[in-house]
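**Student:** Return atomic coordinates for the entry below.
(chains A and B)
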Amino acid sequence: MNTSEPMLSMDNVSVEFTEDGGLLGISGESETVRAVNDVSLDLGEQETLTLIGESGCGKSTLGKTAIGAQKPTSGTVSYRGQDIWEARNGAGHVSIPFDEIRHSLQIIHQDPGSALNPNQRILTSLMLPLKQWYPDLSREEREERIHTLFERVGMSPPGDYLNRYPHQLSGGETQRAVLVRALLLNPDLILADEAISALDVSLRVEMMDLMLELQDLFQTSYLFISHDMSNARYIAEKSGGRIAVMYLGEIVEVGTVEAITENPQHPYTKALQWATANLYEDEGEEEFPLRKIDVPDPTNRPSGCHFHPRCPNAREVCQRQHPEQIHVGEETNYARCFRADENHEYWNSPEIPAESSEDAR
Amino acid sequence: MSETDTIVEVRDLDITFQMNRGQSRVVRDVDLDVARNETLGIIGESGSGKSMLASSFLNAVVEPGVSTGEVTYHPEDGDPIPVLELSESELDRFRWEHVAMVFQGAMSSFNPVTKIRTHFRETLQDHNCDIPAGMDRARELLESVYLDPDRILASHPHELSGGMKQRALIALSLVLEPDVLVLDEPTAALDLLMQRSIVTLLRELQEEYDLTLVFITHDLPLLTKIADRLAVMYAFNVVEIGTTGDLLYNASHPYTRALLDTTPDLNVPVDEMSIIEGSKPDPVDRIPGCSYNPRCPMADDHCRSEEPPMMEVRDTQESACFYYDEAADAVPISAAPDKNPPAGRTTAIDGGDN
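**Tutor:** This is a model prediction of the structure:
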C-alpha cells in the first residue's frame, strides 16, 4: 500500500511560543518556549503512531502541527507531498487545496463534550460537516451515512442517540459520537489527543478496540497521543504501529512496540515504563530511575542532552554534547542517547557525582 | 492482630445521607483495623464509599452526612480517643496533630493569594506551636519531598507545578507531626511519572517519620507499590482485606479477582484484557443478599437471599463471599503468574492455612 512518499511528513519541525512576561507583564521580559524542537516524522497509510511523554513535553503541539492546526516556526509539514502551509497561503504550485487537506486530517481530543455544540442535537452537529464537504448529497443520504456509522459504533438504534443533546450522552457515548463525526469525512489521519484519558478504565479498552476496528474499515492513520504507557502499548501492539517518546520538545526514542517495551534504549523511556506500575512485577528494592523529580523550566533547557539533569546514567559528556539519532536494531528505530552506541566516548567519560544533584532533587 | 498494634479501630460504621428518594447509605456497617506503622490501601471504583470511609477517620464527613458507629484512635501512650464524639475544637487539634489528611486536587487546598510560607506559619500559629522550631521542621519536610525549601516557601501556589504543589501539601500535612496520614487520591490528575515518584517518596517519609499511612485510590497497580495491606470496597462495604501479597496472588472474592483481571498491565497479552460487566450498585435501593450478586458469575440463590459475612480465608485475609475457596477457579486472572509470589513480597501464603 505504501507509495514512494508518505501520507504525512514532518521535516525538521520546530514550534516556538513567546510568553510576554506573565500576568501584567511584571517581569517585563518575554520568554521563548520551544515546544517542539527539530522533529522529523513520517506517517504512512493506515499507520498508527503513538506519542508519549509527560505533560508539557510538546506532544499536543506536535500533534496539532501535524494536522495543520498549528503553524510551525520552522520546518515543513507535507500532506502527500504538498506543503500544508504553502497550500494555505497559496504559495507556489498548489497540487492539493488547503480545504481538502484540512478535511483529510481530523482531530478528536480529551474533552469530547467541548467538540459538540451543547445547544444542538447530536444529529445537527453531525450533519453540518457533511453538508459543508459533501454538498451534493441529499439530506436523506447524509442522514443514512450517520445512521450507518452509529450502528457501527454500537449506538443503536441511532435515532435514539441522534435526537439527544450532548449532555444527555455518557462520556463514552460522547467520545463515540465525536469519533463518528471525524470518520464521516473519511479522513486519512485522525489525531487522537488523550482521547481516552478521561474515560473510566473499563471503557478505555473498549474505545481503543472500536478505534482500531474502524481503522481497518476506513483505512485511516492514527496519531495517538497519551501520557500512559499501557494505553500506548495496547494501541500500538494491536495496530502494529510504532511508539515515539517525547521529552522537552524532542523525540528521544522511536521504535516498534517490542523495541520500546522489551528493550528501551533511552533512560527516559525506562522511567516512563517504571511509572506504569505493573501488578505482577518482581522489583525488589527498586531505585528512583530519576535524579530529579521535576521537569526543568522549558524556557531554559539544559545544555547537552536535555535529559541529563534528571538522568541516572548521565556522564560528563552528556552535559556538553547533544545526542543525535542513534539507530538501534531496525532502521526506523532510534534513540537520542549515547548509551545506544557502544563505541561512543560516553563510556570513557567521567560519571557525574550523585551528591551534586541529590540535593536539588 | 493484637489490640496494642491497632492505631485506628472502626466498628459498625454507617454513613448516611437523607435524599429525596430515601436514605442513601454510602458506608454500610464497616469494621476495620489499621495497624500502627502500616500502609493500608483502600481500593474501589468511584462511588464505592472509600473516600467517605477515610473521611470518617478524622470525623470529616461533609454535611449533611451522618456517621454512626465507632471510630477509635489509639495514641502511642494515653487513652483511646473516640473520634466521632469529639467536639469541634477537639477535632481541630485532633485533625492535624494525630491524624492528617491530604485530599485530591492540591489546587484547592492552598489559598491562591497566600505564599506557601504563610500556609506553614498559620498552621503552626493556629495550633500554638513554636514558630521557629516549626519552620525548621517545615524545611526539613520540604527537603524530604525533594523540594528546595527557600524557593518553595517564597512561592505562591500558582508558581508551582501540580506535582510540586501536591508534595508541598504532603509536607504541610506533616508539620504538626501526626501519626496517621490519610491520602485520598493524592496523585490523581498528575502524570504517571509524578504519581509513581510521589508513592516512592511517601514510603521514604513513612520510614523517616514512623507514619501510619492510609492510601485511597482506584489505581490498583500504583497501590500495590506502597500498601502492606489492601482493603477492597464494593457497594459501600469492605468485601475483602488481606496483605498485598494475599490479594495479588490469592484473591478470594470474585470482585477482587475481576478487579485484578481488568487492570491494564504492560505484561498481559492485549487479547486477554477484559472489563467487568454490569453496572454499579445503588446506595438507596439495596438489593437483597450479596451486593455483588448481579455481576457475579458464581451467584446462586444463597447469594441472592443472604448477605455473606466476612469469612476468614487465612490468618491475615478475610473475604465476604460464601464461596471464597472457589473464587479462584470461577474467576481466573489472566495476568497472574503461575509461580509463587517472589520472595520478599508481603505475603502470608508461605504461612499456610492455620
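
**Student:** CA only for contacts and neighbour counts going forward, please
**Tutor:** Will do.

**Student:** all strands of the stretch 201-350 of chain A, in order?
**Tutor:** All strands of the stretch 201-350 of chain A, identified by DSSP state E, counting those that start in this stretch, fall at A:221-226, A:242-247, A:250-256, A:326-327, A:334-335.

**Student:** Now the last one: average pLDDT?
**Tutor:** The one in question is strand A:334-335. Per-residue pLDDT values across strand A:334-335 average out to 96.

**Student:** so what does that strand touch, helix or strand wise?
**Tutor:** Here strand A:334-335 touches strand A:250-256, strand A:326-327, going by 3 or more CA pairs under 8 Å, 6 or more residues apart in numbering or on different chains; DSSP states H and E.

**Student:** Would you format those as CSV with mean neighbour count and distance to residue A:122 included?
**Tutor:** Listed next are those as CSV, based on neighbours: other CA atoms under 10 Å in any protein chain shown; distance: least, CA to CA, whole Å:
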stretch, mean neighbour count, distance to residue A:122
strand A:250-256, 26, 38
strand A:326-327, 17, 48
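
**Student:** Out of those strands, which gets nearest to residue B:255?
**Tutor:** Closest approach to residue B:255 among these is made by strand A:250-256 (35.3 Å; CA to CA).

**Student:** Return the distance of the longest helix seen in chain A from the chain's centre.
**Tutor:** Using DSSP state H to define each element, chain A has its longest helix at helix A:201-218. The offset between the C-alpha centroid of helix A:201-218 and the centroid of the whole chain comes to 17 Å, using CA atoms, centre = their mean, to the nearest Å.

**Student:** Check stretch B:234-244 too.
**Tutor:** With CA atoms, centre = their mean as the basis, stretch B:234-244 stands 11 Å off its chain's centre.

**Student:** CA atoms only for it, dumped as PDB, please.
**Tutor:** Written as PDB, here are the backbone C-alpha positions of stretch B:234-244 (Å, rounded to 0.1, in the frame of the first residue of the first chain):
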ATOM      1  CA  TYR B 234     -17.600  -2.700  46.800                       C
ATOM      2  CA  ALA B 235     -21.000  -1.200  47.300                       C
ATOM      3  CA  PHE B 236     -20.200   0.800  50.400                       C
ATOM      4  CA  ASN B 237     -18.600  -2.000  52.400                       C
ATOM      5  CA  VAL B 238     -15.200  -3.800  52.600                       C
ATOM      6  CA  VAL B 239     -15.600  -7.100  50.700                       C
ATOM      7  CA  GLU B 240     -12.000  -8.400  51.100                       C
ATOM      8  CA  ILE B 241      -9.000  -7.500  53.100                       C
ATOM      9  CA  GLY B 242      -5.500  -9.000  53.300                       C
ATOM     10  CA  THR B 243      -1.900  -8.400  52.800                       C
ATOM     11  CA  THR B 244      -1.000  -7.100  49.300                       C
END
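
**Student:** In chain B, what helix or strand scores lowest on average pLDDT?
**Tutor:** Ranked by mean pLDDT, DSSP states H and E, the helix or strand of chain B with the weakest confidence is helix B:106-109, at a mean of 68.

**Student:** picking that back up, which parts of the longest helix of chain A are buried?
**Tutor:** Residues of helix A:201-218 classed as buried under the neighbour-count rule (16 or more other CA atoms under 10 Å in any protein chain shown) are A:201-205, A:207-212, A:214-215.

**Student:** cool, stretch B:86-99 as well?
**Tutor:** Neighbour-count burial for stretch B:86-99 flags B:91, B:94, B:95, B:96, B:97, B:98, B:99 (criterion: 16+ other CA under 10 Å).

**Student:** And stretch A:299-313, by the same measure?
**Tutor:** For stretch A:299-313, by 16+ other CA under 10 Å, it's A:302, A:305, A:306, A:307, A:308, A:309, A:310, A:311, A:312, A:313.

**Student:** ok, it near chain B or not?
**Tutor:** No. No part of stretch A:299-313 sits near chain B under the criterion CA under 8 Å from any CA of the partner chain; the closest distance found is 12.4 Å.

**Student:** what mean pLDDT does that stretch have?
**Tutor:** Within the predicted structure, the mean pLDDT of stretch A:299-313 is 93.

**Student:** okay, how far is it across that stretch, tip to tip?
**Tutor:** Taking CA to CA, to the nearest Å, the span from the opening residue of stretch A:299-313 to its closing residue is 24 Å.

**Student:** Please work out which residues outside that stretch touch it.
**Tutor:** Outside stretch A:299-313, the residues within contact range by CA atoms under 8 Å, 6 or more residues apart in numbering or on different chains are A:31-34, A:247-248, A:267-268, A:289-293, A:295-296, A:314, A:317-323, A:337, A:351, A:357.

**Student:** can you narrow the residues you listed to ones near chain B?
**Tutor:** Of the residues in the contacts of stretch A:299-313, proximity to chain B by CA under 8 Å from any CA holds for A:292, A:293.

**Student:** Which of the contacts of stretch A:299-313 are buried? Put it as a PyMOL command.
**Tutor:** For selection in PyMOL, the members of the contacts of stretch A:299-313 meeting the burial criterion (16+ other CA under 10 Å) are listed in this command:
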select buried, chain A and resi 33+34+247+248+267+268+289+290+291+292+293+295+314+317+318+319+322+323+337
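
**Student:** So which of the contacts of stretch A:299-313 are in helices?
**Tutor:** Filtering those for membership in helices, criterion DSSP H, returns A:267, A:268, A:317, A:318, A:319, A:320, A:357.

**Student:** can you list the domain ranges for chain A.
**Tutor:** Under automatic domain parsing, the residue ranges defining each domain of chain A are A:8-262, A:264-361.

**Student:** right, so those: which one is the most enclosed?
**Tutor:** Most buried of those, by mean neighbour count (mean count of other CA atoms under 10 Å in any protein chain shown): domain A:8-262, with a mean of 19.

**Student:** that older thread, go through the helices and strands packed on strand A:334-335 and name the closest to chain B.
**Tutor:** With respect to chain B, and counting by CA to the nearest CA, the nearest of the helices and strands packed on strand A:334-335 is strand A:250-256 at 14.7 Å.

**Student:** Direction included, what does that closest one pair up with?
**Tutor:** Applying DSSP bridges to the sheet, strand A:250-256 is found paired with strand A:242-247 (antiparallel), strand A:334-335 (antiparallel).

**Student:** Looking at those, which is nearest to residue B:252?
**Tutor:** Taking CA to CA as the criterion, strand A:242-247 is the member of these that comes nearest to residue B:252, at 37.5 Å.

**Student:** For residue B:42, see how far away residue B:228 is.
**Tutor:** 11 Å.

**Student:** Chain B contacts on the stretch 151-300 of chain A?
**Tutor:** The interface of the stretch 151-300 of chain A toward chain B, taken as CA under 8 Å from any CA, is made up of A:201-203, A:205, A:227-230, A:233-234, A:237-238, A:271-272, A:274-280, A:282, A:284, A:288, A:292-294.
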